[in-house]
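Colleague: sequence unknown, structure follows:
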């Protein structure tokens, strides 16, 4: 509690990211797979309980994906791997967006690796901090 | 209304993005086309009425492109497809910039896929929140 | 003046960007050249008088590059073209950083196209708004 | 001191970046090496004393990497080069995150060049300003 009082801006509790997309294809000579990583950083001395909401263009949001990030740890969550999302599946080839909520302040960034063509492409953005 | 009062920072009503550009060329072995996606996320329980203003280097802005985003939905608007812009055309090969206005708070991100050369390149940024 | 009072946050007057770099090489089958574009958007009804300061790792800053952006216009300034910088030269192959100052609020983004290798790479970021 | 009082927002003293990763491979016909650059800009008239904390997924943070940035200089620190980190090593192929602390306000951006495949990919983001 002392940390949160003394470090009120070291992270936020709600973040949004509008551009999520898992490219359907992967190619090339290597073991690389098109994917996105949701990079969570918990700089606080407490475990962070994180909940994801996945928004789509044409259907109701997928709610209730729960993640835990230990104190002073980062986790680069692979969004194409259901085993990292408690079994929930974000479909490939479908535009989506994310809300990330945490009980302690964290910092959130989303990065995409696209290997649709033989050479990989990258993009990244910090999330939009809402609370 | 209750949502907006309780979640005053869950999005903004005016966003700016200086770097818009639709590459004129697309190449390579696949069906990929150089384009930009304006990724809108409406996390509120109300439909968002969105208006785009397109700024150019050497002519007056193009105003009045209207879009609707349903509550709790995202829309990754393809800026190279006039049918998604009410028939308005953003010309390829011309530098432009965007203002995005909404009657309810939304979150805005712009991403570009460039396939001028056989392998795609990506870049993205969150918009600049003005109001 | 009325616009600035009614739209106090529609842009900023001082922006910083730490990562500037003009790749020394360009290759590939096309006319593409490695470059950076400093994308300025002036949404106000007044002309913006913009000044750039270029910071280096091992020498004093280059000051006094002056640019003008007409009202309601964008300008994607090519930083590898001295003729767009009043004859000033930002050297290729040297890490640098930028301060962008304006007398009216503007929005600033920096994008890099790297064609060191045959297929282009892109990256972009909004500037850091300081004032 | 006068500068800091008159320019209170020209940089921040604490920044976070969740997505750090040094790709383990480099390939292609050139001398390019996969790497990240931590781009620091010190616009103030005082030397900046900077400390890095490196967070991991499965171990305690690496603390105490010290850097100095002269007044009105930028430094694009190569995170894959221990000689630039006082001998500290950030391992390749391991997800990590960064906290950047400075005694005077600075601006912080992280960029990655990935040459796992013959053609390079780029991504960049401004850090998240916490204090």
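Modeller: The structure has been received and is ready for your questions. All of these numbers come straight from a predicted model, not from anything done at the bench.

Colleague: Going along the chain, name the helices of chain A.
Modeller: Remark: helices assigned in chain A by DSSP state H are A:2-6.

Colleague: and residue A:111, bridged to which residues?
Modeller: Note on residue A:111: beta-bridge partners by DSSP bridges are residue A:37, residue A:124.

Colleague: Next one: it relative to residue C:93, how far apart?
Modeller: Noted for residue A:111: a distance of 27 Å to residue C:93, by CB to CB, to the nearest Å. For every residue, glycine as well, the C-beta is placed using N, CA and C.

Colleague: Tell me which of these two has more neighbours.
Modeller: Taking neighbours as other CB atoms under 10 Å in any protein chain shown, residue A:111 and residue C:93 compare with residue A:111 leading, 21 against 9.

Colleague: tell me the mean pLDDT over stretch A:50-57?
Modeller: The average pLDDT within stretch A:50-57 is 98.

Colleague: wait, does that stretch contact chain D?
Modeller: No - Stretch A:50-57 lies out of reach of chain D by CB under 8 Å from any CB of the partner chain, never closer than 12.3 Å.

Colleague: hmm, that stretch in reach of chain B?
Modeller: Yes - residues of stretch A:50-57 contacting chain B under CB under 8 Å from any CB: A:55-57.

Colleague: What residues of that stretch count as buried?
Modeller: A:50, A:52-56 (16 or more other CB atoms under 10 Å in any protein chain shown).

Colleague: Go through these and name the one nearest residue B:100.
Modeller: The closest of the buried residues of stretch A:50-57 to residue B:100 turns out to be residue A:55 (CB to CB; 17.2 Å).

Colleague: Please list all residues in contact with residue A:23.
Modeller: Residues near residue A:23 by CB atoms under 8 Å, 6 or more residues apart in numbering or on different chains: A:34, A:92-93, A:112, A:114-116.

Colleague: And the strands in chain A?
Modeller: Per DSSP state E, chain A carries strands over the ranges A:12-20, A:35-42, A:48-56, A:62-69, A:73-78, A:96-114, A:121-126, A:128-129.

Colleague: chain center to the last one, what's the gap?
Modeller: Its chain's C-alpha centre and that of strand A:128-129 lie 13 Å apart, by CA atoms, centre = their mean, to the nearest Å.

Colleague: Name the strands paired with it and say parallel or antiparallel.
Modeller: Counting by DSSP bridges, strand A:128-129 is paired with strand A:12-20 (antiparallel).

Colleague: Could you list the residues in contact with the strand it pairs with?
Modeller: With CB under 8 Å, 6+ apart, strand A:12-20 has contacts from A:36, A:54, A:79, A:90, A:95-108, A:110, A:125, A:127-131, B:10-11, B:37, B:39-41, B:43, B:74, B:76, B:107-109, B:111, B:124.

Colleague: Not counting sequence-adjacent ones, nearest residue to the most centrally placed residue in chain A?
Modeller: The centroid of chain A falls nearest to residue A:38 when counting by CA atoms, centre = their mean (2.5 Å). Spatial nearest neighbour of residue A:38, chain neighbours left out: residue A:77 (4.4 Å); criterion: CB to CB, 6 or more residues apart in numbering or on different chains.

Colleague: count of residues packed around residue A:65?
Modeller: Count around residue A:65 with other CB under 10 Å applied: 21.

Colleague: who's in contact with the closest residue to it other than its chain neighbours?
Modeller: The shortest distance from residue A:65 to any non-neighbouring residue, by CB to CB, 6+ apart, is to residue A:52 (4.0 Å). Residues counted as contacts of residue A:52 (CB under 8 Å, 6+ apart) are A:38, A:65-67, A:85, A:98-101.

Colleague: List buried residues within those residues.
Modeller: A:38, A:65, A:67, A:85, A:98-101.

Colleague: Columns pLDDT on top of these, output as JSON lines?
Modeller: Converted to JSON lines, the buried ones among the contacts of residue A:52 look like this (pLDDT from 0 to 100):
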{"residue": "A:38", "pLDDT": "98"}
{"residue": "A:65", "pLDDT": "98"}
{"residue": "A:67", "pLDDT": "98"}
{"residue": "A:85", "pLDDT": "98"}
{"residue": "A:98", "pLDDT": "98"}
{"residue": "A:99", "pLDDT": "98"}
{"residue": "A:100", "pLDDT": "98"}
{"residue": "A:101", "pLDDT": "98"}
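
Colleague: Out of these, which is nearest to residue C:4?
Modeller: Closest to residue C:4, out of all of these and judged by CB to CB, is residue A:99, at 34.0 Å.

Colleague: Can you give the distance of the lowest-mean-pLDDT helix or strand in chain A from its chain's centre?
Modeller: Within chain A, no helix or strand scores below helix A:2-6, which has a mean of 78 by mean pLDDT, DSSP states H and E. In terms of CA atoms, centre = their mean, the gap separating the centre of helix A:2-6 from the centre of its chain is 25 Å.

Colleague: who touches that helix?
Modeller: With CB under 8 Å, 6+ apart, helix A:2-6 has contacts from A:10, A:44-46, A:104-105.

Colleague: one more time with 6 Å, if that's ok
Modeller: Outside helix A:2-6, the residues that touch it by CB atoms under 6 Å, 6 or more residues apart in numbering or on different chains are A:44-45.
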